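Novice: Next one to model:
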Amino acid sequence: MLWVNREIEAEQVRVESPDLTAAIIRLHERRALVVSVYIPGGDWQALRDACNKLNTVVKDARRRAGTVVDVVLAGDLNQHDQLWGGEDVTLVRLID
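Specialist: This next block holds a predicted model:
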């Protein structure tokens with residue numbers, strides 16, 4: 001889900017995924033593609049799929065706009081690392 005203030009000019013972007021929601025917002029002379037993404041933890045295929053869909057959404061938005069489109073990506077990446085208050089420590093973090 002993506003909430004946009006009603007005072008901001010925005011247009012929802014169609015994404016063929018229940019785990020990605022996107023909108024183009026217009027701020028004066030700028031446009032930004034805002035994307036909310038959910039990726040289940042430990043599901044590498046879901047991560048690859050989300051990245052591929054995100055790439056398509058960004059390219060399509062920039063092509064349609066015909067101008068520079070900034071990208072803001074936010075989401076729930078479902079990481080339960082101790083850094084975020086979880087109990088898990090990833091192997092990569094053990095090396096740090």
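
Novice: so where do the strands sit in the chain?
Specialist: Along the chain, counting by DSSP state E, strands occupy 9-13, 20-27, 30-38, 70-76.

Novice: and of those strands, who's closest to Asp60?
Specialist: Closest of the strands of the chain to Asp60 is strand 9-13, at 7.9 Å (criterion: C-beta to C-beta). The way it works is simple: take the backbone N, C-alpha and C, and place the C-beta from them, glycine included.

Novice: which residues touch the closest one?
Specialist: Residues outside strand 9-13 that contact it (C-beta atoms under 8 Å, 6 or more residues apart in numbering): 4, 22-26, 33, 57, 60-61.

Novice: Repeat that for stretch 19-31.
Specialist: Applying C-beta under 8 Å, 6+ apart, the contact partners of stretch 19-31 are 1-2, 4, 8-13, 15, 32-39, 46, 50, 53-54, 57, 61, 65, 67-70.

Novice: returning to what we had before: out of the contacts of strand 9-13, give me the one that has the most neighbours.
Specialist: Neighbour tally across the contacts of strand 9-13 (other C-beta atoms under 10 Å): the maximum, 25 neighbours, falls on Ala22.

Novice: How about it: what's its closest non-neighbour residue?
Specialist: Leaving aside its sequence neighbours, Ala22 sits nearest to Val13 (C-beta to C-beta, 6 or more residues apart in numbering; 4.0 Å).
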